[in-house]
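K.L.:
Any chance you could fold what I've pasted below:
(one chain, ligands or ions: 1)
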Amino acid sequence: MAVSVAQRIARALRGKPTLVLGLPTGRTPLNLYRELARLTAAGQADFSRASTFNLDEFLGLAAAHPGSYRSYMERHLFTHVNLQPDRIHLLDGNARDPLRECEHYERAIREAGGIDLQLLGIGANGHIGFNEPGPSVSARTHRTRLHPETRRANAMLFGGDWRKVPREALSVGVGTILRAREIILLATGRDKAACIQRMVYGPVTPRVPASFLQLHSNVRLVLDATAGASVRGPTRRRPRR
Ligand code: GLP
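P.N.:
Have a look, this model is predicted:
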């Protein structure tokens, strides 16, 4: 999975050196980031004119905090590829005015010409970025409250203690993601199988934010056998009596 997606990215960079990439965090893209580092070292990927926009960041954390997504990205990708620091964009979780920070981020994406290739992971509850399941989704970059299960899934960044994971975050919106020209979603592991099936075959609903990807015309899912295990066909609904 990592090799094929990394090669896809390297090809996209050759076709458009000023490529604008949208980037996720989490465990899933780790092998991909390792592979991109390898391709860069081998002279097969060139990020020197590319730009990146990360999906999300915890609220109330300094960028240098080891649990921040900024630190994660520095550790796993930015220090290993030749991106120019001024073309790397992450939401500032420590911004004095988070709402202004969100507006500023939307503007920066627009001014960069929009996201060409958005990479995504998926939370076991169907979240993308930090767009959590609920009665509605936000179209634009926004401030959001994290579900306890999402905080638990991020505990590894905070010494394994989920209570240390911030309760709030900033995230690009579902509309921001859907405006990307191309989307690649990666998922591995049995715990993703149910949400993958609901994303692909269930109704488009804010209860499964990833289901909004059904509205996009250029989405590729890259799944391992366990994450793709239950993708067999449309969910049959019992007729109502
Ligand atoms: C976090 C991130 C998401 C990511 C998700 C899945 O909550 N905000 O962008 O897709 O986790 O993480 P993992 O790949 O570790 O399952």
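K.L.:
what about the helices in this structure?
P.N.:
Ranges of helices within the chain are 2-15, 30-41, 69-73, 98-111, 148-153, 174-178, 193-201, based on DSSP state H.
K.L.:
Tabulate these in a markdown table, adding columns for distance to His80, mean pLDDT and mean neighbour count.
P.N.:
For glycine as for every other residue, the C-beta is placed from the backbone atoms N, C-alpha and C. Listed next are those as a markdown table, based on distance: least, Cβ to Cβ, whole Å; pLDDT from 0 to 100; neighbours: other Cβ atoms under 10 Å:
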| stretch | distance to His80 | mean pLDDT | mean neighbour count |
| --- | --- | --- | --- |
| helix 2-15 | 12 | 98 | 16 |
| helix 30-41 | 3 | 98 | 19 |
| helix 69-73 | 10 | 98 | 22 |
| helix 98-111 | 24 | 98 | 15 |
| helix 148-153 | 24 | 95 | 16 |
| helix 174-178 | 25 | 98 | 21 |
| helix 193-201 | 29 | 96 | 20 |
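K.L.:
Nearest to the ligand among the ones you listed would be which one?
P.N.:
Comparing the helices of the chain by their distance to the ligand (Cβ to the nearest ligand atom), the top pick is helix 148-153, with 5.2 Å.
K.L.:
Give me the contacts around the closest one.
P.N.:
Counting by Cβ atoms under 8 Å, 6 or more residues apart in numbering, the neighbours of helix 148-153 from elsewhere in the structure are Gly26, Gly123, Ala124, Asn125, His127, Phe130, Glu132, Trp162, Arg163, Val165, Pro166, Arg167.
K.L.:
Next one, pLDDT for the first one please.
P.N.:
Pointing back at Gly26 there. The predicted local distance difference test score for Gly26 is 96.
K.L.:
quick one, what contacts it?
P.N.:
Contacts were defined as Cβ under 8 Å, 6+ apart; by that measure Gly26 touches Gly121, Ala153.
K.L.:
Now with 10 Å, please.
P.N.:
With contacts defined as Cβ atoms under 10 Å, 6 or more residues apart in numbering, Gly26 is in contact with Leu55, Tyr69, Tyr72, Leu120, Gly121, Ile122, Gly123, Ala153, Asn154, Met156, Leu157, Leu186.
K.L.:
can you narrow the contacts of helix 148-153 to ones near the ligand?
P.N.:
Subset of the contacts of helix 148-153 in contact with the ligand: Gly26, Gly123, Phe130, counting by Cβ under 6 Å from any ligand atom.
K.L.:
Could you measure from the last one over to Val231?
P.N.:
It refers to Phe130. Between Phe130 and Val231 the distance is 24 Å, computed by Cβ to Cβ, to the nearest Å.
K.L.:
quick revisit: write a PyMOL command that selects only the buried members of the contacts of Gly26.
P.N.:
For selection in PyMOL, the members of these meeting the burial criterion (16 or more other Cβ atoms under 10 Å) are listed in this command:
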select buried, resi 55+69+72+120+121+122+123+153+154+157+186
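K.L.:
Out of the contacts of Gly26, which is nearest to Glu103?
P.N.:
Distances from Glu103 to those, taken as Cβ to Cβ, are shortest for Leu55 (16.7 Å).
K.L.:
Go ahead and confirm that closest one touches Ser171.
P.N.:
Yes - with contact defined as Cβ atoms under 10 Å, Leu55 and Ser171 form a contacting pair (6.4 Å).
K.L.:
where do the contact lists of these two overlap?
P.N.:
In contact with both Leu55 and Ser171: Leu91, Ile128, Gly129, Phe130, Asn131, Thr141, Ile177, using Cβ under 10 Å, 6+ apart.
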